[in-house]
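[1] pasting a predicted model and its sequence here:
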Amino acid sequence: MRGGDYSRLQGVSGATRAAGIAAVARTGEGRRRPAAARVAGGLVAAGGLAAAYMVFEAQWVKRRQVDLPVPGLPEMWSGLTVLHLADVHAGAFLTNERSLRKVVRWAEPLAPDLVFLTGDILGDPAKSGACLDLLAQIRPSLGMFAVTGNHEHGLSKAPLARPVGTSGLWSAAGITLLSDSCVALPPRHGTQVIVCGADYLTGGYGLLADGSPAGAVAKTAGDSPPSAGRAGVAFPILLIHDPPPADAELASIFPLAFAGHTHGGQLRVPAPSGLTPLNRQHNKFLDGVHRWGAGLLVVTRGVGTSFLPFRLFTRPEATLWRLVYTSPEHSDQRMNAPEEENAHGRIPG
Ligand SMILES: [Fe+2]
(Lines give C-alpha, C1' and ligand atoms only; values in the text may rest on other atoms or scores of the structure.)
Protein backbone atom coordinates (compact mmCIF):
# COMPACT_ATOMS: atom_id res chain seq x y z
CA MET A 1 0.00 0.00 0.00
CA ARG A 2 1.31 3.42 -0.88
CA GLY A 3 1.99 6.05 1.92
CA GLY A 4 -0.57 8.46 0.44
CA ASP A 5 -3.33 5.91 0.81
CA TYR A 6 -2.63 5.52 4.58
CA SER A 7 -2.29 9.28 5.15
CA ARG A 8 -5.85 9.79 3.95
CA LEU A 9 -7.01 7.53 6.86
CA GLN A 10 -5.54 9.74 9.61
CA GLY A 11 -8.05 10.99 12.24
CA VAL A 12 -10.81 8.44 11.74
CA SER A 13 -12.01 5.83 14.25
CA GLY A 14 -10.20 2.49 14.56
CA ALA A 15 -12.99 0.43 13.01
CA THR A 16 -13.47 2.82 10.14
CA ARG A 17 -9.76 2.97 9.62
CA ALA A 18 -9.44 -0.82 9.53
CA ALA A 19 -12.27 -1.02 7.02
CA GLY A 20 -10.57 1.60 4.98
CA ILE A 21 -7.25 -0.25 5.00
CA ALA A 22 -9.02 -3.42 3.92
CA ALA A 23 -10.74 -1.53 1.13
CA VAL A 24 -7.47 -0.05 -0.06
CA ALA A 25 -5.82 -3.50 0.12
CA ARG A 26 -8.64 -4.95 -1.97
CA THR A 27 -8.07 -2.15 -4.46
CA GLY A 28 -4.40 -3.17 -4.66
CA GLU A 29 -5.36 -6.82 -5.28
CA GLY A 30 -7.74 -5.58 -7.91
CA ARG A 31 -4.85 -3.84 -9.68
CA ARG A 32 -2.74 -7.02 -9.57
CA ARG A 33 -5.54 -9.38 -10.67
CA PRO A 34 -5.74 -8.25 -14.29
CA ALA A 35 -2.05 -9.07 -14.80
CA ALA A 36 -2.47 -12.54 -13.29
CA ALA A 37 -5.66 -13.04 -15.25
CA ARG A 38 -3.87 -12.00 -18.42
CA VAL A 39 -1.13 -14.59 -17.82
CA ALA A 40 -3.71 -17.29 -17.05
CA GLY A 41 -5.72 -16.31 -20.10
CA GLY A 42 -2.60 -16.46 -22.26
CA LEU A 43 -1.77 -19.91 -20.98
CA VAL A 44 -5.31 -21.14 -21.65
CA ALA A 45 -5.24 -19.67 -25.15
CA ALA A 46 -1.84 -21.23 -25.87
CA GLY A 47 -3.09 -24.59 -24.57
CA GLY A 48 -6.20 -24.29 -26.69
CA LEU A 49 -4.17 -23.49 -29.80
CA ALA A 50 -1.81 -26.41 -29.12
CA ALA A 51 -4.75 -28.76 -28.63
CA ALA A 52 -6.40 -27.48 -31.81
CA TYR A 53 -3.19 -28.09 -33.77
CA MET A 54 -2.81 -31.60 -32.34
CA VAL A 55 -6.40 -32.43 -33.30
CA PHE A 56 -5.68 -31.07 -36.78
CA GLU A 57 -2.49 -33.10 -37.11
CA ALA A 58 -4.34 -36.24 -35.99
CA GLN A 59 -6.41 -35.92 -39.19
CA TRP A 60 -3.57 -34.70 -41.46
CA VAL A 61 -2.99 -38.08 -43.01
CA LYS A 62 0.12 -38.58 -45.04
CA ARG A 63 -0.87 -40.64 -48.06
CA ARG A 64 2.00 -42.01 -50.14
CA GLN A 65 2.82 -44.34 -52.97
CA VAL A 66 6.29 -45.76 -52.51
CA ASP A 67 8.38 -48.47 -54.16
CA LEU A 68 9.77 -51.05 -51.76
CA PRO A 69 12.67 -53.10 -53.15
CA VAL A 70 12.25 -56.57 -51.65
CA PRO A 71 15.24 -58.90 -51.78
CA GLY A 72 14.20 -62.37 -52.86
CA LEU A 73 10.69 -61.46 -54.02
CA PRO A 74 9.89 -63.77 -56.95
CA GLU A 75 10.21 -61.74 -60.15
CA MET A 76 6.72 -62.74 -61.22
CA TRP A 77 5.37 -60.84 -58.24
CA SER A 78 7.32 -57.65 -58.82
CA GLY A 79 4.87 -54.75 -58.97
CA LEU A 80 2.46 -56.18 -56.39
CA THR A 81 0.75 -53.26 -54.66
CA VAL A 82 -0.10 -53.38 -50.97
CA LEU A 83 -2.06 -50.78 -49.02
CA HIS A 84 -0.81 -50.96 -45.45
CA LEU A 85 -3.00 -49.57 -42.67
CA ALA A 86 -3.09 -50.04 -38.92
CA ASP A 87 -4.35 -48.54 -35.69
CA VAL A 88 -7.59 -47.05 -36.97
CA HIS A 89 -9.06 -47.42 -33.44
CA ALA A 90 -12.56 -47.32 -34.86
CA GLY A 91 -15.10 -45.73 -32.57
CA ALA A 92 -12.53 -44.18 -30.25
CA PHE A 93 -12.79 -40.67 -31.73
CA LEU A 94 -14.60 -39.01 -34.60
CA THR A 95 -11.20 -37.87 -35.86
CA ASN A 96 -10.23 -41.49 -36.52
CA GLU A 97 -13.24 -42.04 -38.76
CA ARG A 98 -12.50 -38.79 -40.61
CA SER A 99 -8.89 -39.88 -41.19
CA LEU A 100 -9.98 -43.28 -42.47
CA ARG A 101 -12.51 -41.65 -44.79
CA LYS A 102 -9.67 -39.60 -46.35
CA VAL A 103 -7.58 -42.74 -46.77
CA VAL A 104 -10.35 -44.71 -48.44
CA ARG A 105 -11.22 -41.83 -50.78
CA TRP A 106 -7.57 -41.71 -51.85
CA ALA A 107 -6.91 -45.46 -52.03
CA GLU A 108 -10.03 -46.73 -53.75
CA PRO A 109 -9.21 -45.39 -57.24
CA LEU A 110 -5.62 -46.66 -56.91
CA ALA A 111 -7.00 -50.24 -56.87
CA PRO A 112 -4.38 -51.95 -54.70
CA ASP A 113 -3.81 -55.68 -55.16
CA LEU A 114 -3.83 -56.28 -51.42
CA VAL A 115 -4.77 -54.49 -48.21
CA PHE A 116 -2.92 -55.38 -45.01
CA LEU A 117 -4.50 -54.30 -41.71
CA THR A 118 -1.97 -54.81 -38.94
CA GLY A 119 -4.05 -54.53 -35.80
CA ASP A 120 -5.96 -52.16 -33.53
CA ILE A 121 -8.39 -51.52 -36.36
CA LEU A 122 -11.53 -52.00 -34.28
CA GLY A 123 -12.55 -50.34 -31.06
CA ASP A 124 -16.08 -50.14 -29.73
CA PRO A 125 -17.94 -52.85 -31.71
CA ALA A 126 -21.08 -50.70 -31.81
CA LYS A 127 -19.12 -47.98 -33.60
CA SER A 128 -16.77 -50.15 -35.65
CA GLY A 129 -19.25 -50.97 -38.39
CA ALA A 130 -18.85 -47.58 -40.09
CA CYS A 131 -15.08 -48.03 -40.36
CA LEU A 132 -15.41 -51.57 -41.72
CA ASP A 133 -17.95 -50.36 -44.27
CA LEU A 134 -15.41 -47.75 -45.38
CA LEU A 135 -12.63 -50.32 -45.67
CA ALA A 136 -14.89 -52.63 -47.67
CA GLN A 137 -15.12 -49.93 -50.36
CA ILE A 138 -11.48 -50.48 -51.37
CA ARG A 139 -12.06 -53.98 -52.85
CA PRO A 140 -8.45 -55.12 -53.44
CA SER A 141 -8.20 -57.71 -56.21
CA LEU A 142 -6.25 -60.28 -54.14
CA GLY A 143 -7.89 -59.71 -50.78
CA MET A 144 -7.87 -57.77 -47.55
CA PHE A 145 -6.13 -59.41 -44.60
CA ALA A 146 -6.09 -58.42 -40.95
CA VAL A 147 -4.49 -59.42 -37.67
CA THR A 148 -5.61 -58.57 -34.17
CA GLY A 149 -3.93 -55.93 -32.05
CA ASN A 150 -4.07 -55.48 -28.31
CA HIS A 151 -7.28 -53.42 -28.52
CA GLU A 152 -9.20 -56.20 -30.29
CA HIS A 153 -8.37 -58.33 -27.26
CA GLY A 154 -9.42 -55.60 -24.83
CA LEU A 155 -5.84 -54.99 -23.74
CA SER A 156 -5.17 -51.31 -23.28
CA LYS A 157 -4.50 -48.70 -20.63
CA ALA A 158 -8.08 -47.42 -20.99
CA PRO A 159 -10.06 -48.29 -17.84
CA LEU A 160 -13.18 -49.38 -19.74
CA ALA A 161 -11.37 -51.50 -22.35
CA ARG A 162 -12.79 -54.94 -22.95
CA PRO A 163 -12.52 -57.67 -25.60
CA VAL A 164 -14.32 -56.64 -28.75
CA GLY A 165 -15.45 -59.99 -30.21
CA THR A 166 -14.70 -59.17 -33.82
CA SER A 167 -14.86 -62.41 -35.78
CA GLY A 168 -18.29 -61.74 -37.31
CA LEU A 169 -17.45 -58.13 -38.12
CA TRP A 170 -14.39 -59.01 -40.20
CA SER A 171 -16.07 -61.61 -42.38
CA ALA A 172 -19.12 -59.39 -42.96
CA ALA A 173 -16.78 -56.74 -44.39
CA GLY A 174 -15.01 -59.26 -46.64
CA ILE A 175 -11.83 -59.16 -44.57
CA THR A 176 -9.86 -62.32 -43.81
CA LEU A 177 -8.65 -62.40 -40.21
CA LEU A 178 -5.41 -64.35 -39.88
CA SER A 179 -4.82 -65.73 -36.38
CA ASP A 180 -1.60 -67.67 -36.56
CA SER A 181 -2.72 -68.84 -39.96
CA CYS A 182 -1.73 -68.30 -43.58
CA VAL A 183 -3.30 -67.95 -46.99
CA ALA A 184 -1.57 -68.65 -50.30
CA LEU A 185 -2.35 -66.18 -53.08
CA PRO A 186 -3.11 -67.69 -56.52
CA PRO A 187 0.23 -68.89 -57.92
CA ARG A 188 2.03 -67.13 -60.74
CA HIS A 189 4.15 -69.36 -62.97
CA GLY A 190 4.84 -71.79 -60.17
CA THR A 191 5.66 -69.14 -57.59
CA GLN A 192 3.53 -68.29 -54.59
CA VAL A 193 3.14 -65.45 -52.17
CA ILE A 194 1.92 -66.63 -48.79
CA VAL A 195 0.31 -64.13 -46.42
CA CYS A 196 0.52 -65.12 -42.76
CA GLY A 197 -0.92 -63.33 -39.75
CA ALA A 198 0.13 -63.46 -36.12
CA ASP A 199 -2.49 -63.28 -33.38
CA TYR A 200 -1.63 -60.56 -30.86
CA LEU A 201 -1.90 -62.87 -27.86
CA THR A 202 0.41 -65.56 -29.22
CA GLY A 203 2.80 -63.19 -30.96
CA GLY A 204 2.80 -65.65 -33.87
CA TYR A 205 3.86 -68.65 -31.84
CA GLY A 206 1.41 -70.82 -33.78
CA LEU A 207 3.21 -69.99 -37.01
CA LEU A 208 6.46 -71.25 -35.54
CA ALA A 209 4.75 -74.39 -34.29
CA ASP A 210 3.67 -75.19 -37.85
CA GLY A 211 7.32 -75.43 -38.87
CA SER A 212 7.11 -73.09 -41.84
CA PRO A 213 4.66 -70.74 -43.55
CA ALA A 214 3.95 -73.50 -46.08
CA GLY A 215 3.11 -75.81 -43.19
CA ALA A 216 0.77 -73.17 -41.78
CA VAL A 217 -0.90 -72.83 -45.19
CA ALA A 218 -1.48 -76.57 -45.33
CA LYS A 219 -2.86 -76.59 -41.80
CA THR A 220 -5.16 -73.65 -42.54
CA ALA A 221 -6.45 -75.46 -45.63
CA GLY A 222 -6.91 -78.69 -43.67
CA ASP A 223 -4.23 -80.32 -45.80
CA SER A 224 -1.22 -82.38 -44.74
CA PRO A 225 2.10 -80.53 -44.47
CA PRO A 226 3.79 -80.26 -47.85
CA SER A 227 6.81 -82.33 -48.72
CA ALA A 228 9.97 -80.54 -49.76
CA GLY A 229 9.58 -78.80 -53.08
CA ARG A 230 5.85 -79.37 -53.35
CA ALA A 231 5.03 -75.75 -52.73
CA GLY A 232 7.56 -74.58 -55.34
CA VAL A 233 9.00 -71.11 -54.79
CA ALA A 234 7.02 -69.56 -51.96
CA PHE A 235 7.59 -66.07 -50.61
CA PRO A 236 6.03 -65.63 -47.16
CA ILE A 237 4.90 -62.27 -45.79
CA LEU A 238 4.07 -61.76 -42.12
CA LEU A 239 1.43 -59.43 -40.70
CA ILE A 240 1.87 -58.73 -37.01
CA HIS A 241 0.72 -55.94 -34.70
CA ASP A 242 3.63 -55.30 -32.35
CA PRO A 243 6.91 -55.06 -34.29
CA PRO A 244 9.10 -57.99 -33.20
CA PRO A 245 12.80 -57.40 -32.57
CA ALA A 246 15.25 -58.24 -35.33
CA ASP A 247 16.48 -61.31 -33.49
CA ALA A 248 12.97 -62.79 -33.13
CA GLU A 249 12.55 -66.30 -34.44
CA LEU A 250 9.87 -65.06 -36.84
CA ALA A 251 12.54 -62.99 -38.60
CA SER A 252 14.33 -66.20 -39.58
CA ILE A 253 11.40 -67.49 -41.63
CA PHE A 254 9.76 -64.32 -42.96
CA PRO A 255 11.77 -62.14 -45.36
CA LEU A 256 9.14 -59.40 -45.20
CA ALA A 257 6.85 -58.27 -42.38
CA PHE A 258 4.34 -55.47 -41.80
CA ALA A 259 3.50 -54.12 -38.34
CA GLY A 260 1.87 -51.17 -36.54
CA HIS A 261 1.06 -50.53 -32.87
CA THR A 262 3.57 -47.74 -32.23
CA HIS A 263 1.60 -44.81 -33.69
CA GLY A 264 5.11 -43.50 -34.40
CA GLY A 265 5.06 -42.32 -30.79
CA GLN A 266 1.84 -40.28 -31.42
CA LEU A 267 3.22 -37.27 -29.50
CA ARG A 268 6.83 -36.31 -30.15
CA VAL A 269 8.62 -33.32 -28.72
CA PRO A 270 11.88 -31.72 -29.81
CA ALA A 271 14.88 -32.88 -27.78
CA PRO A 272 18.65 -32.60 -28.27
CA SER A 273 18.59 -36.08 -29.81
CA GLY A 274 15.76 -35.14 -32.19
CA LEU A 275 12.00 -35.61 -31.99
CA THR A 276 11.38 -37.87 -29.02
CA PRO A 277 8.14 -39.69 -28.10
CA LEU A 278 6.61 -38.43 -24.85
CA ASN A 279 5.60 -41.99 -24.07
CA ARG A 280 8.79 -43.91 -24.67
CA GLN A 281 8.11 -47.43 -25.79
CA HIS A 282 10.20 -50.53 -25.50
CA ASN A 283 10.17 -50.96 -29.22
CA LYS A 284 12.92 -49.31 -31.17
CA PHE A 285 11.04 -49.71 -34.47
CA LEU A 286 8.77 -46.67 -34.22
CA ASP A 287 8.06 -46.31 -37.93
CA GLY A 288 9.64 -46.75 -41.34
CA VAL A 289 11.42 -49.62 -43.06
CA HIS A 290 14.02 -51.55 -41.11
CA ARG A 291 16.39 -54.40 -41.60
CA TRP A 292 14.87 -57.31 -39.74
CA GLY A 293 16.99 -60.41 -39.55
CA ALA A 294 17.86 -61.12 -43.18
CA GLY A 295 14.70 -59.37 -44.34
CA LEU A 296 12.67 -56.19 -43.98
CA LEU A 297 10.19 -54.92 -41.42
CA VAL A 298 7.74 -52.17 -42.34
CA VAL A 299 6.19 -50.27 -39.43
CA THR A 300 3.36 -47.82 -40.00
CA ARG A 301 2.44 -44.91 -37.74
CA GLY A 302 -1.19 -45.87 -38.26
CA VAL A 303 -4.31 -43.98 -39.21
CA GLY A 304 -5.95 -43.11 -35.89
CA THR A 305 -5.12 -42.32 -32.31
CA SER A 306 -5.90 -43.81 -28.92
CA PHE A 307 -6.47 -42.18 -25.51
CA LEU A 308 -6.53 -38.66 -26.96
CA PRO A 309 -7.40 -37.42 -30.46
CA PHE A 310 -3.98 -35.76 -30.61
CA ARG A 311 -0.81 -36.16 -32.63
CA LEU A 312 2.27 -33.97 -32.45
CA PHE A 313 5.04 -34.12 -35.08
CA THR A 314 3.89 -37.64 -35.92
CA ARG A 315 1.35 -37.44 -38.71
CA PRO A 316 -0.89 -40.42 -39.33
CA GLU A 317 -0.08 -42.30 -42.49
CA ALA A 318 -1.37 -44.64 -45.14
CA THR A 319 1.09 -46.10 -47.63
CA LEU A 320 0.53 -47.88 -50.89
CA TRP A 321 3.67 -49.95 -51.27
CA ARG A 322 4.69 -51.35 -54.64
CA LEU A 323 6.84 -54.40 -53.94
CA VAL A 324 9.69 -54.50 -56.42
CA TYR A 325 11.91 -57.47 -57.11
CA THR A 326 15.52 -57.04 -56.16
CA SER A 327 18.13 -59.72 -55.87
CA PRO A 328 19.33 -60.55 -52.34
CA GLU A 329 22.79 -59.15 -53.08
CA HIS A 330 21.24 -55.74 -53.77
CA SER A 331 19.62 -55.52 -50.39
CA ASP A 332 21.92 -52.74 -49.20
CA GLN A 333 19.19 -50.13 -49.58
CA ARG A 334 18.56 -47.09 -47.44
CA MET A 335 16.38 -47.80 -44.47
CA ASN A 336 14.13 -45.77 -42.19
CA ALA A 337 13.37 -43.06 -44.71
CA PRO A 338 10.59 -44.47 -46.86
CA GLU A 339 9.31 -41.04 -47.78
CA GLU A 340 12.57 -40.48 -49.62
CA GLU A 341 12.59 -43.81 -51.42
CA ASN A 342 11.48 -44.12 -55.01
CA ALA A 343 8.07 -42.53 -54.73
CA HIS A 344 6.20 -43.69 -57.81
CA GLY A 345 3.29 -41.36 -57.50
CA ARG A 346 1.96 -38.15 -56.13
CA ILE A 347 2.48 -37.58 -52.42
CA PRO A 348 -0.57 -35.66 -51.23
CA GLY A 349 -0.19 -33.31 -48.31
FE1 LIG B 1 -1.62 -51.46 -30.37
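    Happy to help now that I have it. This structure is a prediction, so every number in the text was calculated from the model and none was measured. Residues are numbered from 1 along each chain as shown.
[2] what parts of the stretch 51-200 of the chain come near the ion?
    Applying C-beta under 5 Å from the ion, we find that the stretch 51-200 of the chain lies next to the ion at Asp120, Gly149, Asn150. C-beta here means a position set from N, CA and C on the backbone, and glycine is covered the same way.
[3] narrow those residues to those in strands?
    If you go by DSSP state E, those have nothing in strands.
[4] let's have those residues in a markdown table, adding pLDDT, neighbour count and distance to Leu132.
    As requested, those are arranged in a markdown table below (pLDDT from 0 to 100; neighbours: other C-beta atoms under 10 Å; distance: C-beta to C-beta, whole Å):
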| residue | pLDDT | neighbour count | distance to Leu132 |
| --- | --- | --- | --- |
| Asp120 | 94 | 30 | 14 |
| Gly149 | 94 | 27 | 15 |
| Asn150 | 92 | 18 | 19 |
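[5] can you tell me the SS state at Thr202?
    coil (DSSP: H, G, I helix; E, B strand; the rest coil).
[6] just use 40 as the starting number from now, easier for me
    From this message on, residue numbering opens at 40, which makes the last subject Thr241.
[7] wait, it touches His192, no?
    No. Counting by C-beta atoms under 8 Å, Thr241 stays clear of His192, with 10.8 Å between them.
[8] between these two, which one's more packed in?
    His192 (19 against 14; other C-beta atoms under 10 Å).
[9] quick one: that one from Thr205, how far?
    Counting by C-beta to C-beta, to the nearest Å, the gap between His192 and Thr205 amounts to 9 Å.
[10] for Pro164, same thing?
    7 Å.
[11] what about the two, which has more around it?
    Neighbours were counted for Pro164 and for Thr205 using other C-beta under 10 Å; Thr205 has more, 20 against 17.
[12] these two touch, right, that one and His190?
    No. At 9.9 Å, Thr205 does not count as touching His190 under the criterion of C-beta under 8 Å.
[13] so what sits against both of the two?
    Residues touching both Thr205 and His190 (C-beta atoms under 8 Å, 6 or more residues apart in numbering) are Leu161.
[14] quickly list what Trp331 is bridged to.
    Gly334 (DSSP bridges).
[15] confidence score at it?
    We have a pLDDT of 94 for Trp331.
[16] residue contacts, it?
    Counting by C-beta under 8 Å, 6+ apart, Trp331 makes contact with Pro283, Ala285, Ala290, Ala296.
[17] go again with 10 Å.
    Going by C-beta atoms under 10 Å, 6 or more residues apart in numbering, Trp331 touches 277, 282-287, 289-290, 293-296, 298, 324, 337-338, 374.
[18] which residues do Pro164 and Thr205 both contact?
    Here Pro164 and Thr205 have Glu191 as joint contacts, going by C-beta under 10 Å, 6+ apart.
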